[in-house]
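[1] Quick one: sequence plus predicted model below, questions after.
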There are 2 protein chains.
Amino acid sequence: MSRTVYLNGEYLPEGEAKVSIFDRGFLFGDGAYEVVPVMDGLMVDVEPFLVRLENSLSELQIDWPCSKEEYLEMHRQLIDRNDLSEGMIYSQVTRGMVPQRSFGFPEDTPTTLMAFTQVVRHRDNPLAESGIKVAIVDDIRWKRRDIKSIALLAQCLAKQAANVKGGYEGWMVEDGFVTEGTSSSAYIVKDGVLITRPLSNLILAGIRRKLLLKLAAEHQIRIEERPFTIKEALEADEALMSAASCSVLPVVEIDGQMIGDGKPGKVYRQLRALYLDNARENAVIKVAG
Amino acid sequence: MSRTVYLNGEYLPEGEAKVSIFDRGFLFGDGAYEVVPVMDGLMVDVEPFLVRLENSLSELQIDWPCSKEEYLEMHRQLIDRNDLSEGMIYSQVTRGMVPQRSFGFPEDTPTTLMAFTQVVRHRDNPLAESGIKVAIVDDIRWKRRDIKSIALLAQCLAKQAANVKGGYEGWMVEDGFVTEGTSSSAYIVKDGVLITRPLSNLILAGIRRKLLLKLAAEHQIRIEERPFTIKEALEADEALMSAASCSVLPVVEIDGQMIGDGKPGKVYRQLRALYLDNARENAVIKVAG
């Protein structure tokens, strides 16, 4: 069955959703995006995603394409029309279509808004038990990684390089320190302490990351927000990753080297359980406008 | 009159040229582009543009969308169908449309090729006499600026920041040194010496840059390929920029400060004259396949 997707006010079969070759998203990667997880047919923890999109758009000086209520309604419609139980909703806003290609911002150009669903197994993901392999790759991205922009070529190259090295995910490294995964936040556990890089312009402010740190703090798991090296990662007791598209997954191997005993660790298991419980409690149909 | 543009084998009115929202160009900025200047209805110096596109595609591991002969034929058709006398042809290759959004490269996916014309006044550009103003902006781009990719968000932000500061172009600065313009190569002249940054992964290998350096060498203009600071730029006798979209233009002001006597300089005038003569001689309809 073909998905129903959203484009500029219309719900369309996915094959019919097309944008102009003069859309600045297509010409320049000039836009921002979000990915909201869906469980039990409900959006999970949606408010922070809206806040982050607001930040991205604001940094890029792109106007909201519609009201927040309409934005959420679009999400609800997509869940409904695609009968989505577990997965995610991807949405993207670009600076819109321009008559002439020119780097500077156009005036009074309507933004482009599109969104679609993708099925993901959040709960019964076999990787949650088997664990995933990570490959170390260079972080060659720009300096505003805090903006969730669609100019993702560096991440695509990094993920592909990781895949070629046998990694399910790539952990990007800059100046000897892990920044983050190509499409996920990165954590290690040493002596019971959960370690992850602090927020800055060098990483994306992961919404799952924020939630996991909150849950960890509430359950007496010690947290250190600091950069960690590849060596520390290889010598860690546990490693894990999180993202809207995969919830929380254990990392059992980095660059061919086993992490801990090569099995999902204790802190990971506790965090994943807390995460899934929380998702159940915080899934919503409606949020305050 | 509506332009005729090219998209995946078809010549279409510009309003009808549309790509899927699942094109990786639109989702990720996953593609490369070129801009070939046109003068007197002929492509100028086209071979090096093909070589650079080849390099970009090779670095991104994207296949050529067609043979080089077909690529050139597309250019000739666009000139012809749009009756283009002076301007440029923009062409873009992306990794194509994917059924699911995922950073890693898809297998066996046809690439997307699109191209369009844009009118530019190369010869009778009033800016060639008045000169242009440059604003200094931060260079926050990724580390593979030698790849002419469509992930140009950093350049868009830089150009916009320059425009807001009153600059026609922005010169990007990293670690105190000018890297290049947001969409052009940057040069200064001091004591008769033409100074421009050497090629590396930190700048794009400008085709106009290469030609200007060749013309300068042939006409006894001394060249130094080395990074220069903002201070050097402000104290230079002359400053200039080059790009396929604007040929060669004089920079008469940087960040509100007059360069030299605030008028287009001697070395610039000589280079522009040599450039236009050369363009006339090297404009081609056909090139070796």
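    All right, it came through fine.

[2] Please count neighbours and contacts with C-alpha atoms only from this point.
    Fine.

[3] okay, now the closest residue to residue A:194 other than its chain neighbours: neighbour count?
    Of all residues not flanking residue A:194 in the chain, residue A:223 sits nearest, at 4.8 Å (Cα to Cα, 6 or more residues apart in numbering or on different chains). Residue A:223 is flanked by 16 other residues according to other Cα atoms under 10 Å in any protein chain shown.

[4] buried set for the helix or strand where residue A:52 lies?
    Residue A:52 is part of helix A:47-60 when elements are defined by DSSP states H and E. Residues A:47, A:49-50, A:52-57, A:59-60 are the ones in helix A:47-60 that count as buried (16 or more other Cα atoms under 10 Å in any protein chain shown).

[5] ok, and of the residues you listed, which contact chain B?
    Among the buried residues of helix A:47-60, the ones lying near chain B by Cα under 8 Å from any Cα of the partner chain are residue A:60.

[6] Rank the buried residues of helix A:47-60 by pLDDT and give me only the lowest.
    When the buried residues of helix A:47-60 are compared by pLDDT, residue A:47 scores lowest at 92.

[7] Packing partners of the host helix or strand of the residue nearest to residue A:194?
    Assigned by DSSP H and E, residue A:223 falls within strand A:222-225. Judged by 3 or more Cα pairs under 8 Å, 6 or more residues apart in numbering or on different chains; DSSP states H and E, the packing partners of strand A:222-225 are strand A:193-196, helix A:207-218.

[8] would a markdown table of the ones you listed with mean neighbour count, mean pLDDT and distance to residue A:100 be doable?
    Putting these into a markdown table (neighbours: other Cα atoms under 10 Å in any protein chain shown; pLDDT from 0 to 100; distance: least, Cα to Cα, whole Å) gives the following:
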| stretch | mean neighbour count | mean pLDDT | distance to residue A:100 |
| --- | --- | --- | --- |
| strand A:193-196 | 20 | 98 | 44 |
| helix A:207-218 | 17 | 97 | 37 |
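
[9] For the residue nearest to residue A:132 when sequence neighbours are not counted, which three-state class applies?
    Distances taken as Cα to Cα, 6+ apart place residue A:251 nearest to residue A:132, at 4.9 Å, with adjacent residues excluded. At residue A:251, secondary structure determined by DSSP: H, G, I helix; E, B strand; the rest coil is strand.

[10] Residue numbers of chain A in contact with chain B?
    Residues of chain A lying near chain B (Cα under 8 Å from any Cα): A:15-21, A:25-30, A:60, A:100, A:103-105, A:114, A:118, A:140-144, A:150-157, A:159-160, A:163.

[11] Pretty sure residue A:6 sits in a strand.
    Yes: under three-state DSSP, residue A:6 falls within a strand.

[12] For chain A, which residues score under the pLDDT cut-off?
    Applying pLDDT under 70 to chain A flags the ranges A:1, A:283-289.

[13] Only the buried residues of whichever helix in it runs longest, if you could.
    Counting by DSSP state H, the longest helix found in chain A is helix A:266-282. Using 16+ other Cα under 10 Å as the test for burial, helix A:266-282 gives A:267-269, A:271-272, A:274-276, A:278-280.

[14] now for those residues, which pair is the farthest apart?
    Taking Cα to Cα as the measure, the buried residues of helix A:266-282 span a maximum distance of 20.1 Å, between A:267 and A:280.

[15] now the helices for the stretch 1-150 of chain A?
    A:24-28, A:47-60, A:68-81, A:127-130 (DSSP state H, counting those that start in this stretch).

[16] Any chance of a markdown table for the ones you listed, columns distance to residue B:212?
    As requested, the helices of the stretch 1-150 of chain A are arranged in a markdown table below (distance: least, Cα to Cα, whole Å):
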| stretch | distance to residue B:212 |
| --- | --- |
| helix A:24-28 | 27 |
| helix A:47-60 | 35 |
| helix A:68-81 | 51 |
| helix A:127-130 | 56 |
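
[17] outside of the longest helix of chain A, which residues touch it?
    A:39, A:44-45, A:123, A:189, A:192, A:211-212, A:215-216, A:238-240, A:247-250 (Cα atoms under 8 Å, 6 or more residues apart in numbering or on different chains).

[18] Try it again at 7 Å.
    For helix A:266-282, the external contacting residues (Cα atoms under 7 Å, 6 or more residues apart in numbering or on different chains) are A:44-45, A:212, A:215-216, A:240, A:248, A:250.

[19] Count the residues that sit near the residue of the stretch 51-200 of chain A found nearest chain B.
    Going by Cα to the nearest Cα, chain B is nearest to residue A:142 of the stretch 51-200 of chain A, at 4.0 Å. Counted with other Cα under 10 Å, residues neighbouring residue A:142 total 19.

[20] any idea how far residue A:220 is from chain B?
    Here the criterion is Cα to the nearest Cα, to the nearest Å. By it, residue A:220 lies 35 Å from chain B.

[21] For that residue, give me the backbone phi and psi.
    Phi and psi for residue A:220, reported as degrees, to the nearest 10, are phi 60, psi 30.

[22] what about it, distance to residue A:230?
    Distance, residue A:220 to residue A:230, by Cα to Cα, to the nearest Å: 26 Å.

[23] Counting neighbours, what do you get for the residue nearest to residue A:132?
    Residue A:251, neighbours per other Cα under 10 Å, totals 30.

[24] There's contact between it and residue A:130 in this structure, I believe.
    No: Residue A:251 is beyond contact range of residue A:130, at 9.1 Å (criterion: Cα atoms under 7 Å).

[25] and chain A, what are its domains?
    A:4-119, A:127-280 (automatic domain parsing).

[26] starting at the chain centroid, how far to the shortest one?
    On the basis of Cα atoms, centre = their mean, to the nearest Å, the separation between the geometric centre of domain A:4-119 and that of its chain is 14 Å.

[27] What segments of the stretch 51-200 of chain A are strands?
    A:87-94, A:112-119, A:132-138, A:169-174, A:177-181, A:185-190, A:193-196 (DSSP state E, counting those that start in this stretch).

[28] can I get those in TSV with distance to residue B:200?
    Converted to TSV, the strands of the stretch 51-200 of chain A look like this (distance: least, Cα to Cα, whole Å):
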stretch	distance to residue B:200
strand A:87-94	31
strand A:112-119	36
strand A:132-138	18
strand A:169-174	19
strand A:177-181	24
strand A:185-190	31
strand A:193-196	33
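
[29] among those strands, which is nearest residue A:202?
    strand A:177-181 (7.0 Å).

[30] buried stuff in that closest one?
    In strand A:177-181, counting by 16+ other Cα under 10 Å, buried: A:177-181.

[31] farthest pair in the residues you listed?
    Among the buried residues of strand A:177-181, A:177 and A:181 lie farthest apart (Cα to Cα), at 12.0 Å.

[32] export the helices and strands packed on strand A:222-225 to a markdown table and tack on distance to residue A:110?
    Output for the helices and strands packed on strand A:222-225, formatted as a markdown table (distance: least, Cα to Cα, whole Å):
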| stretch | distance to residue A:110 |
| --- | --- |
| strand A:193-196 | 39 |
| helix A:207-218 | 28 |
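
[33] Which among these is found nearest to residue B:110?
    helix A:207-218 (34.6 Å).

[34] Against which helices or strands is the closest one packed?
    strand A:238-243, helix A:266-282 (3 or more Cα pairs under 7 Å, 6 or more residues apart in numbering or on different chains; DSSP states H and E).

[35] Around the nearest residue to residue A:226 once chain neighbours are set aside, count how many other residues there are.
    Leaving aside its sequence neighbours, residue A:226 sits nearest to residue A:197 (Cα to Cα, 6+ apart; 4.6 Å). Using other Cα under 10 Å, residue A:197 has 20 other residues around it.

[36] measure residue A:197 to residue A:190 for me?
    Taken as Cα to Cα, the span from residue A:197 to residue A:190 is 14 Å.

[37] Repeat that for residue A:23.
    In terms of Cα to Cα, residue A:23 sits 47 Å off from residue A:190.

[38] Check residue A:124 too.
    For residue A:124, the distance to residue A:190 - Cα to Cα - is 27 Å.

[39] More neighbours: which of those two?
    Between residue A:124 and residue A:190, residue A:190 has the larger neighbour count (other Cα under 10 Å), namely 16 against 9.

[40] who's that one bridged to?
    residue A:193 (DSSP bridges).
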